[in-house]
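Have a look; sequence and predicted model below, questions after that.
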Amino acid sequence: MKHASISGLILAGGRGTRMGSVDKGLQPFRGSTMVAHVLERLAPQVAAVAINANQNLDAYRAFGLPVWPDETPGFAGPLAGLEAGLRHCASEFLLSAPCDSPFLPSDLADRLAAALHAESADVAIAVTQEAGMRRQPHPVFCLMKTALLPILSNYLAEGGRRMDGWYAGLQVAEVLFDADAFRNINTLDELRGLDMRALADVASCVDGYDPDALPVRHAQRIIREFVTPVRAIEKVALRAALDRVLAEDIVSPINVPAHDNSAMDGYAFRGADLGDAPATLMVIGTVYAGKPSDVAPQPGQCVRIMTGGVMPGDCDTVIPQENVAAIGEDTITINPGTLRTGDNRRFAGEDLKAGSPAIRKGKIIRPADLGLLASLGIAEVPVQRRLRVAFFSTGDELRSIGESLDAGCVYDSNRYTLYGMLTRLGCDIIDMGVVKDDPLTLEATLRTACENADAIVTSGGVSVGAADYTKQIMAKLGDVTFWKIGMRPGRPLAFGRISSNGHSAFLFGLPGNPVAVMVSFYFFAREALLHMMGAR
């Protein structure tokens, strides 16, 4: 639930000493950055998010969020970051989380807020239960009243730096969470290890995980956290960018519009000429769109101006020609109350200022985006490489269109359904046909698919009645689990990652029932494939 009274703060103000003095928040992690993963989890829970950082400020500002450095000098620790957050926070409460916590709970705000209110506390912090029933506090995961700012500022001014020392004088509520959710990343080795962690590790973060009775939302969460985007980027011509995923923020090189201009066909003049009596102005020239003009009206003068025409001189107001009270041979009359100073004037950069983001990374480029990019004079666009997806159907009973239909056999329809869904998604597809129920053939097909694709989608062979060797082969090739999902149609589902000859691919094993194929694809595969494409 998003809380209107809570603002979020991502703490990224440290030196990153244990990580080799690199900026932890900006380190690559699962196709993005650490801070991006924290933002993705924190933003849905709060009204607004800001980042506390003391270096690489422009890189953090690229997320489109306020960036607040410490006011206490010398990398004074998380309390200095919290002080900066409290000083700028416009909400009643501030929720903080460190930039190296990409697995923070989706109910962090809900549970901390409930405890803070129930116990009439000043601060609510997350705790976990360690070995021996010992409780481990995680004080940087905290919800606090913004009214605490003076107390924190005084504590820092007196040289205090320890969080437990500051909390000692406050009413603190503790909320017990699962330990895996607060696993932070302190070294580059830990970061690399988690970047390729096992499927079981991801599943362990789900409370009450049971592969034989898995709720839809839990399966979606595990898949979302396990898959990683492709990292390859290419530049394509503007027209070729349609339906591709933008790989970098597009920053406008120009103001849009480039100049102050008229929003209407009419007359441009100084707003100071308006008064309580009718104003008669002399028309001294005409300004056309796209044609420079050096005409400079003085008080009591105006110019005829077309829509898009550059506003001349000190003119700041345009009256539409249909609103003029009287038009003479070289004068116009404007009745009082017809308009206000500044009406119908468009300012330079009103739509988009030079240097500001025009389109954000991760956007799927649509026709309107092509027009916007063209208006900025951008001819080439950085996009993610197209996702390569291999797909095939399994089963001795399946026949391809054009083959004779033997007794007990059916034509394969699932491949055509998958073809349509994958094509519409914008993937480069590899149709591997129908694979018979033969262990050697299935293994060879999976290996070929793995070596040529980023993801593999299969239909059939994952239900209870499927041949055991299907599961054995998938497990042999990698880290694959078989679920029974709490929905029908679409109960059986295989998911994981397989490898062959140094290549790996994510595997989605869908049921064989045609309706179940569509349901399972839209519930589980589609979002994961979009994430792999880098779409947001």
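Yep, it's here.

Mind checking what helix or strand follows the helix or strand encompassing Arg447 in sequence?
Taking DSSP states H and E as the criterion, Arg447 maps to helix 439-452. The element immediately downstream of helix 439-452 (helix or strand, assigned by DSSP H and E) is strand 455-459.

List the pairing partners of that next one within its sheet, with orientation.
Neighbouring strands of strand 455-459 in its sheet, by DSSP bridges, are strand 388-394 (parallel), strand 503-510 (parallel).

quick check: domain ranges of the chain?
3-194, 233-255+351-384, 261-346, 388-532 (automatic domain parsing).

low-confidence ranges in the stretch 301-450 of the chain?
Scanning the stretch 301-450 of the chain for pLDDT under 70 picks out nothing.

And the helix holding Arg447, what's buried?
For helix 439-452, burial by neighbour count (16 or more other Cβ atoms under 10 Å) applies to Leu442, Glu443, Thr445, Leu446, Arg447, Thr448, Ala449, Cys450. C-betas here are computed from N, CA, C, even on glycine.

ok, now which ones touch Phe495?
When contacts are counted by Cβ atoms under 8 Å, 6 or more residues apart in numbering, Phe495 touches 199, 219, 222-223, 226, 480-481, 483, 506-509, 524.

repeat that for 6 Å
Ile223 (Cβ atoms under 6 Å, 6 or more residues apart in numbering).

Which strand or helix spans Glu83?
helix 78-88.

helices or strands next to that helix in the packing?
strand 3-12, strand 46-53, helix 149-157 (3 or more Cβ pairs under 6 Å, 6 or more residues apart in numbering; DSSP states H and E).

Among the ones you listed, single out whichever gets nearest to Arg239.
strand 46-53 (35.6 Å; Cβ to Cβ).

what's next to that closest one, contact-wise?
3-4, 6-13, 42-43, 60, 65-68, 81, 84-85, 95.

for the residue lying farthest from the centre of the chain, helix, strand, or coil?
Using Cα atoms, centre = their mean, the residue of the chain lying farthest from its centre is Glu329. It sits 58.3 Å away. Classification of Glu329 by DSSP: H, G, I helix; E, B strand; the rest coil places it in coil.

How much space separates Leu199 from Pro28?
21 Å (Cβ to Cβ, to the nearest Å).

Looking at the two, which is more packed in?
Counted by other Cβ atoms under 10 Å, Leu199 and Pro28 do not tie: Leu199 has more neighbours, with 18 against 13.

does the more buried one really touch Val480, like I thought?
No: using Cβ atoms under 6 Å, Leu199 is not in contact with Val480, being 7.7 Å away.

What is the least confident helix or strand in this protein?
When the helices and strands of the chain are scored by mean pLDDT, DSSP states H and E, helix 188-195 comes last with a mean of 62.

Following the chain onward from that one, which element is next?
Trace forward from helix 188-195 with DSSP H and E and the next one is helix 199-203.

for the stretch 401-536 of the chain, what spans make up the helices?
For the stretch 401-536 of the chain, helices defined by DSSP state H, counting those that start in this stretch occupy the ranges 414-425, 439-452, 468-477, 514-520, 526-532.

From Leu339, how far off is the nearest residue to Ser293 once chain neighbours are set aside?
For Ser293, ignoring the flanking residues on the chain, the nearest one in space by Cβ to Cβ, 6 or more residues apart in numbering is Val287 at 4.6 Å. Going from Val287 to Leu339 by Cβ to Cβ gives 18 Å.

ok, the nearest residue to Pro514 once chain neighbours are set aside - how many residues close by?
Excluding its sequence neighbours, the residue lying closest to Pro514 (Cβ to Cβ, 6+ apart) is Ser413, at 5.4 Å. Ser413: 14 surrounding residues under other Cβ under 10 Å.

thought Ser413 was touching Gly512?
No: between Ser413 and Gly512 there is no contact under Cβ under 6 Å: 10.5 Å.

With adjacent residues omitted, what lies nearest to Tyr45?
No, residue 45 isn't Tyr; it's Gln. With Cβ to Cβ, 6+ apart, the residue lying closest to Gln45 is Ala109, at 3.9 Å.
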